[in-house]
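*Asks:* Fold the stuff below for me.
(chains A and B, ligands or ions: 2)
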There are 2 protein chains.
Amino acid sequence: MKKSITVILGDGIGPEVTEQSIKILNAVGEQFGHEFTYDYQLMGAVAIDETGNPLPDATIESALKTDAVLFGAIGHPKYDNDPSAKVRPEQGLLKLRSSLQLFANIRPVITYPALSHLSPLKPEKMEGVDFVIFRELTGGIYFGEKKINEEKTEASDLCSYTRPEIERIAHLAFQYAARPERRKKLTLVDKANVLETSRLWRKVVQDIAPSYPDIAVDYMFVDNAAMQIIVNPKQFDVVLTENMFGDIISDESSVLSGSLGLLPSSSVGTGTVLFEPIHGSYPQAAGKDIANPIGSILSAAMMLEHFQMNEEAALVRKAVAWTLAQGFVSQDIDNVNNYGTSVIGDLIKDFIEQKI
Amino acid sequence: MKKSITVILGDGIGPEVTEQSIKILNAVGEQFGHEFTYDYQLMGAVAIDETGNPLPDATIESALKTDAVLFGAIGHPKYDNDPSAKVRPEQGLLKLRSSLQLFANIRPVITYPALSHLSPLKPEKMEGVDFVIFRELTGGIYFGEKKINEEKTEASDLCSYTRPEIERIAHLAFQYAARPERRKKLTLVDKANVLETSRLWRKVVQDIAPSYPDIAVDYMFVDNAAMQIIVNPKQFDVVLTENMFGDIISDESSVLSGSLGLLPSSSVGTGTVLFEPIHGSYPQAAGKDIANPIGSILSAAMMLEHFQMNEEAALVRKAVAWTLAQGFVSQDIDNVNNYGTSVIGDLIKDFIEQKI
Ligand SMILES: [Mg+2]
Ligand SMILES: [Mg+2]
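*Replies:* Numbering: from 1, shown residues only, chains lettered A, B, ... in the order given. Ligands and ions are numbered 1, 2, ... in the order given. Predicted coordinates for the structure are as follows:
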């Protein structure tokens, strides 16, 4: 198979972790007879420095016509600490999301027995934890009308949702829950005892559910979900929720694994899908070959899955699990015995090439 | 000192846990020369059964004129499972809250070294955890305008706040943070990078902060707070937040201790303050003398503090910590070696009376 990929290295550790993913994709391509082509494009602080624009048109054009976007990270302290800055790196990502109409953010919560000592939770709580959060990304209160009166004594934010906005992400989540490797359970997280928008979410999910007779659907209030993620995280399989609740519970869930450096994500829209690790640009570590490449490499594995290359994706995940189990880990995982970003990338590549 | 207390036993385990608190209050009264008088009133399923009304006027009248309300729990399965029920026990509590204009819910997150095995978190995460959440209770999106169009394809909820609504709870939280036993830190949890109401919260807190020069103020986004509560809960002292964020993070925080049965709360308004354990009516356990009375007893301790009886409150807390450390615990804490509700109440009473 031939696949074209827009590669956005971005800022900070973005380039060095993404480089490992390219290495892995090339090894997968060799092993399975695929041809991946890469179109490198700019976004973020590096794009501002080179073009004055955090998201040049060429990047959007590339992203719209390739089969997927692989993105590293953006953000640089020189913009964070300058309140007068008119353009900011983050604007690039926001604009790319809206250009690609990315309406669903998908975050697997992955745990590894070898890393259970890193989790804030007790090991028995972490056994068998494996769930995926589908967060709506373009609607809800974050994008609703905002008001403040002139005297600055009254403010409001409007949360609104339409049926089609809910349907499109709900179908994605149901389809994901129906995959052979999943446990066929979908949990809608809402606050339907109080919010009208939550009642609409619940109604839409109830209406759609009969089209997926194999999927067991349950409903959980967001305050209870915030507890259950700590008390009994293994109960979850696929979690579906609106934008703000998704922001809160996906960030809460992300710390279960013990390192943000391990976690991948994808953002799905009406066209090209974007894949990126959940971690930031971590500028202090840039260029030092100490960043954890696993978040990016597992994002590349999600991309392979998106290309219907399930066996390929499974092999990448197996290789990752092997490095972690063997203790070939970066500094964020083990401050004493650790390996460089590129060494970990090489080991995963060697595993894929069956040299190990 | 003389203090009058409206006692609302409520449903399920409400009566038996509240009875222990009365026992403790009487013991404290004897020891310190106070006179507590109790006006027993109805609310909840028991009130519906006896009067048809989940909150009879007599209860409101009593609550408005006494010095404090001590409340057990409400809710009964015969109403939960009957969708046609016109009156529900929970309506009683909602109406009492609005009658007393309870605008701030205060929840201490208390942990005991003796119970660290119950926490979902690793023991090293739990050491020294001791914080209090101030949740706004009458504003925000839960009470904002709700809309749904006729075709049921579009819904919305409005979140709004006014400066006075924020000021009154912010002052309470700052005053609490200034207490001698606190660590003089206040964390406002908001989403000011996105929401206009959050920016108003931040502005009001910034405006008020100079009046409390001893208090260090910091600001945390709610998604980050949801992580930090698990990753590093000991960083928090007093947490201030709006209604929905408070619902989510206070429920999340409540599971840290390992048993909801341990946790007290108070709700402060323009007049009489309400004290209640955070647990529900737990109808399956009603009348079996197995419920955990600590949540109610610690609520009574909060009431003593509200009466400026700090030494008295400290003694109750010391007695509670002693029973837990000695293993005099209820079934929810230890399924094998446990003690009855009333035995635990008696032991705490004996400790207060210096018989132990
Ligand atoms: Mg977030
Ligand atoms: Mg709640």
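*Asks:* how about the strand or helix carrying A:Glu167: buried residues?
*Replies:* Element membership for A:Glu167, per DSSP states H and E: helix A:163-177. For helix A:163-177, the neighbour count (16 or more other Cβ atoms under 10 Å in any protein chain shown) marks A:163, A:165-166, A:169-170, A:172-174, A:176-177 as buried. All C-beta atoms are positioned from the backbone trio N, CA, C, and that covers glycine.
*Asks:* Quickly name whichever of these is closest to ligand 1.
*Replies:* Among these, A:Ile169 lies closest to ligand 1 (Cβ to the ion), at 17.4 Å.
*Asks:* how far does stretch A:95-107 sit from the chain's center?
*Replies:* 11 Å (Cα atoms, centre = their mean, to the nearest Å).
*Asks:* Repeat that for stretch A:343-353.
*Replies:* Centre-to-centre, stretch A:343-353 and its host chain are 23 Å apart (Cα atoms, centre = their mean).
*Asks:* residues near A:Asp130, how many?
*Replies:* By the other Cβ atoms under 10 Å in any protein chain shown criterion, the neighbourhood of A:Asp130 contains 15 residues.
*Asks:* okay but it is in contact with A:Val109, surely?
*Replies:* Yes: with contact defined as Cβ atoms under 8 Å, A:Asp130 counts as touching A:Val109 (7.3 Å).
*Asks:* Now for the residue of the stretch 1-150 of chain A found nearest ligand 1, how many residues are close by?
*Replies:* Of all residues in the stretch 1-150 of chain A, the one sitting closest to ligand 1 is A:Arg135 (9.4 Å; Cβ to the ion). As a burial measure, A:Arg135 scores 27 neighbours (other Cβ under 10 Å).
*Asks:* hmm, stretch A:246-257 in reach of ligand 1?
*Replies:* Yes: contact of stretch A:246-257 with ligand 1 (Cβ under 5 Å from the ion) involves A:247, A:251.
*Asks:* so how far is that stretch off the chain centroid?
*Replies:* Stretch A:246-257 has its C-alpha centroid displaced from the chain centroid by 11 Å (Cα atoms, centre = their mean).
*Asks:* Could I get the CA-only coordinates of that stretch as CSV?
*Replies:* Provided in CSV are the C-alpha atoms of stretch A:246-257 (Å, rounded to 0.1, in the frame of the first residue of the first chain):
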residue,chain,number,x,y,z
GLY,A,246,-13.7,15.1,27.9
ASP,A,247,-11.0,17.7,28.6
ILE,A,248,-11.3,17.0,32.4
ILE,A,249,-11.7,13.2,32.4
SER,A,250,-9.1,12.6,29.6
ASP,A,251,-6.5,14.7,31.5
GLU,A,252,-7.4,12.9,34.7
SER,A,253,-7.1,9.5,33.0
SER,A,254,-3.8,10.4,31.4
VAL,A,255,-2.0,10.4,34.7
LEU,A,256,-3.0,6.8,35.5
SER,A,257,-0.1,5.3,33.4
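*Asks:* give me the number of residues near A:His306?
*Replies:* The local packing of A:His306 (other Cβ under 10 Å) involves 16 other residues.
*Asks:* Confirm for me that it is in contact with A:Ile106.
*Replies:* No: judged on Cβ under 8 Å, A:His306 makes no contact with A:Ile106 at a distance of 10.0 Å.
*Asks:* mind listing what A:Glu50 touches?
*Replies:* Listed by Cβ atoms under 8 Å, 6 or more residues apart in numbering or on different chains, the contact set of A:Glu50 reads A:Leu42.
*Asks:* quick one: what helix or strand has it in it?
*Replies:* helix A:45-51.
*Asks:* How far away from the center of its chain is that helix?
*Replies:* 24 Å.
*Asks:* Mind exporting the C-alpha coordinates of that helix to CSV?
*Replies:* Taking C-alpha atoms only, helix A:45-51 is exported to CSV below (Å, rounded to 0.1, in the frame of the first residue of the first chain):
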residue,chain,number,x,y,z
ALA,A,45,7.2,28.6,16.8
VAL,A,46,9.5,27.3,14.1
ALA,A,47,6.9,28.4,11.5
ILE,A,48,6.7,31.8,13.1
ASP,A,49,10.5,32.1,13.0
GLU,A,50,10.7,31.1,9.4
THR,A,51,7.6,32.6,7.9
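*Asks:* Just the buried positions in it, please.
*Replies:* For helix A:45-51, the neighbour count (16+ other Cβ under 10 Å) marks A:45-48 as buried.
*Asks:* next one: stretch A:309-318
*Replies:* For stretch A:309-318, a neighbour-count test (16+ other Cβ under 10 Å) marks A:309, A:312-313, A:315-317 as buried.
*Asks:* With pLDDT, secondary structure and distance to chain B added, can I get those residues in a markdown table?
*Replies:* Formatted as a markdown table, the buried residues of stretch A:309-318 follow (pLDDT from 0 to 100; DSSP: H, G, I helix; E, B strand; the rest coil; distance: Cβ to the nearest Cβ, whole Å):
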| residue | pLDDT | secondary structure | distance to chain B |
| --- | --- | --- | --- |
| A:Met309 | 98 | coil | 32 |
| A:Glu312 | 98 | helix | 32 |
| A:Ala313 | 98 | helix | 28 |
| A:Leu315 | 98 | helix | 32 |
| A:Val316 | 98 | helix | 27 |
| A:Arg317 | 97 | helix | 25 |
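*Asks:* Those: which two are farthest apart?
*Replies:* Pairwise distances among those were taken by Cβ to Cβ; the largest, 12.2 Å, belongs to A:Met309 and A:Arg317.
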